[in-house]
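Q: Just a sequence and a predicted model for now, questions to come.
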Amino acid sequence: IRFQESEGVWKNVYFSEIAERISVSGQAGTLPGIEFEDIISGEGRLNKDVYQKECFKYGKLFNKGDVLFGKLRPYLKNIILADFRGVAIGDFWVLRSKENNSKFLYTMVLSEAFMKVANISSGSKMPRADWNLVSATRFNIPINKKEQQYIGKYFSIFDTQISTASSRLASLKQVKEASLQAMFPQKGETVPKIRFKGFEEEWVNVRLEDIGYCYTGLSGKTKEDFGAGTSWYISFLNVLTNAKIDTTLFEKVKVNKDEHQNEVHKGDLFFNTSSETPEEVGMCSVLDVETKNVYLNSFCFGFRITDNNINPLYIAYLIRSNIGRRIMSVLAQGATRFNLSKSNFYKIEIWVPSCIEEQQKIASYFTSLDKQIALQTQRLEKLRQIKAACLDKMFV
């Protein structure tokens, strides 16, 4: 892929003809210091304001327009184009463009052609890129400096779009986290801090054993039964990661007609029975669509609500809130792996709006937020894929 105005063959030059390595030492303090942990790998941007970070370590001085290349484990792509003067702390190369085109140099070191050499020159235990090998390797670059500038600017726009999408996604997640905190009663409260207009009724305290019953997932299955047959099952990961079950992620399982297995129904809640951390025990997910011939994995259990005044999706978001996580983590038992006792599960007491319309309003609000987060996640992933594809096709 080339720009319309571009023509002619590319020239083949040593990397040392394109960039020089700067090795002037300095101390952070009056200047901001950048460490590996400050860079979002592969995205060329910082995850924090390094001007607000207290750091007095020594490193390599860099100027605006220099490329910082993390030579330790180069495949992680701890790479950034500096837009200020500072100190690079750790195993960085400070690269300065000899072509006076820093954006092109930054894009070039992200390319597959360059990364292949940087990673081949790595060691085994603590892989580090080898400057002698990289600097003596020939790379193809456009003869025309305008084409270099076009390429650099093109990927700079991509990085801006990715950064904007990432920030938007982070903001949406923060809104959801804050809402989960404010829209459910906290410890010692009987109503939440924030409510929708028009709802003033007191919330009620209910025990789970009074509003439904548990059932088990698949039992008696062997490895050969999974991935075959005409039935479907909901995976452990589907329950763990989604407040609403993703029906596109159903997996195949063989269930014979004479087997006694519990088929899932619309409105059922699912909980994982164990995890390596107490905070992830009893994560809740709800099936909000009608299904047929669908079952639950054996590492989770189902909970079927029998009270028509309870909205299942409301319960799912409540259990995923910080108050719900605290309830479940207290019930988690174990040392290296934590398990949820069903007898203790039945005794859980939760606060629920007495008006089901308020429950539905809360559930709809979080459903809308989740849709926005999913769309923004897809957009971000698509931008990353397009950038990766262009890096592959716009360099020789």
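A: Yes, it's here.

Q: need the contact list for Cys214.
A: Each residue near Cys214 by CB atoms under 8 Å, 6 or more residues apart in numbering is listed here: Phe301, Gly302, Phe303, Arg304, Lys342, Phe345, Tyr346. From N, CA and C alone the C-beta is placed, and that goes for glycine too.

Q: How many residues are close by Ser179?
A: By other CB atoms under 10 Å, the residues close to Ser179 number 18.

Q: Surely it forms part of a helix?
A: Yes: counting by DSSP: H, G, I helix; E, B strand; the rest coil, Ser179 falls inside a helix.

Q: hang on, isn't it packed against Phe366?
A: Yes: Ser179 is within contact range of Phe366, at 7.1 Å (criterion: CB atoms under 8 Å).

Q: Beta-bridge partners for the nearest residue to Thr273 once chain neighbours are set aside, please?
A: Leaving aside its sequence neighbours, Thr273 sits nearest to Leu340 (CB to CB, 6 or more residues apart in numbering; 5.2 Å). Taking DSSP bridges as the rule, Leu340 bridges to Ala332.

Q: which among the contacts of Cys214 gets closest to Arg207?
A: Among these, Tyr346 lies closest to Arg207 (CB to CB), at 7.4 Å.

Q: Make sure the closest one is actually in contact with Ile211.
A: No: using CB under 8 Å, Tyr346 is not in contact with Ile211, being 10.3 Å away.

Q: between the two, who's got more neighbours?
A: Neighbour tally, Tyr346 and Ile211, criterion other CB under 10 Å: the higher count belongs to Ile211, 18 against 15.

Q: need the contact list for the more buried one.
A: Each residue near Ile211 by CB under 8 Å, 6+ apart is listed here: Ile305, Thr306, Asp307, Ile310.

Q: Repeat that for Asn242.
A: Under the criterion of CB under 8 Å, 6+ apart, the contact list for Asn242 reads Ser285.

Q: quick one: the strands in the stretch 151-300 of the chain?
A: 203-207, 212-216, 226-234, 251-253, 269-272, 274-275, 284-286, 294-296, 300-305 (DSSP state E, counting those that start in this stretch).

Q: Would you give the sheet partners of the fourth one, along with the direction of each?
A: Strands adjacent to strand 251-253 in the sheet, as given by DSSP bridges, are strand 226-234 (antiparallel).

Q: in the partner strand, what counts as buried?
A: Phe226, Ser231, Trp232, Tyr233, Ile234 (16 or more other CB atoms under 10 Å).

Q: next one: stretch 375-392
A: Gln376, Arg379, Leu380, Leu383, Arg384, Lys387, Cys390, Leu391.

Q: Quick check on the contacts of Ile211: which are buried?
A: When those are checked for burial by 16+ other CB under 10 Å, the buried set is Ile305, Ile310.

Q: Secondary structure class of Lys146, three-state.
A: Classified using three-state DSSP, Lys146 is helix.

Q: Might one say that it is in contact with Glu5?
A: Yes: applying CB under 8 Å as the test, Lys146 and Glu5 come out as touching, 7.3 Å apart.

Q: Please compute how far stretch 281-294 lies from its chain's middle.
A: Relative to the centre of its chain, stretch 281-294 is centred 23 Å away, using CA atoms, centre = their mean, to the nearest Å.

Q: Packing partners of the helix or strand where Leu375 lies?
A: Taking DSSP states H and E as the definition, one finds Leu375 inside helix 356-393. The elements that helix 356-393 packs onto, with contact taken as 3 or more CB pairs under 8 Å, 6 or more residues apart in numbering; DSSP states H and E, are helix 145-182, helix 312-320, strand 349-353.

Q: cutoff 10 Å now
A: helix 102-110, helix 112-120, helix 145-182, helix 312-320, strand 349-353 (3 or more CB pairs under 10 Å, 6 or more residues apart in numbering; DSSP states H and E).

Q: Quick one: closest of these to Trp10.
A: helix 145-182 (8.7 Å).

Q: Pull out the buried positions in that closest one.
A: Buried residues in helix 145-182, defined by neighbour count with 16+ other CB under 10 Å: 147-152, 154-156, 158-159, 162-163, 165-166, 169, 172, 176, 179-180.

Q: now it, how far from the centre of its chain.
A: 14 Å.

Q: now do stretch 192-212
A: In terms of CA atoms, centre = their mean, the centre of stretch 192-212 is found 32 Å from the chain centre.

Q: Ends of that stretch, what's the gap?
A: Stretch 192-212 has its terminal residues 24 Å apart, counting by CA to CA, to the nearest Å.

Q: Val94 is in what secondary structure piece?
A: strand 92-97.

Q: before we move on, back to that, out of the helices and strands packed on helix 356-393, which is closest to Glu263?
A: With CB to CB, the closest approach to Glu263 among these belongs to helix 312-320: 16.6 Å.

Q: Return the mean pLDDT over the closest one, rounded to an integer.
A: Mean pLDDT, computed over helix 312-320, is 95.

Q: what's it packed up against?
A: helix 145-182, strand 269-272, strand 284-286, strand 300-305, helix 322-331, strand 349-353, helix 356-393.

Q: For the second one, output the C-alpha coordinates as PDB.
A: Once side chains and other backbone atoms are set aside, the C-alpha atoms of strand 269-272 remain, and they are given as PDB (Å, rounded to 0.1, in the frame of the first residue of the first chain):
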ATOM      1  CA  LEU A 269     -29.000 -16.300  37.200                       C
ATOM      2  CA  PHE A 270     -25.600 -18.100  37.100                       C
ATOM      3  CA  PHE A 271     -22.800 -18.100  39.600                       C
ATOM      4  CA  ASN A 272     -19.300 -19.500  39.500                       C
END
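
Q: please begin residue numbering at 39 from this point
A: Got it, the first residue is 39 from now on, which makes the last one we talked about strand 307-310.
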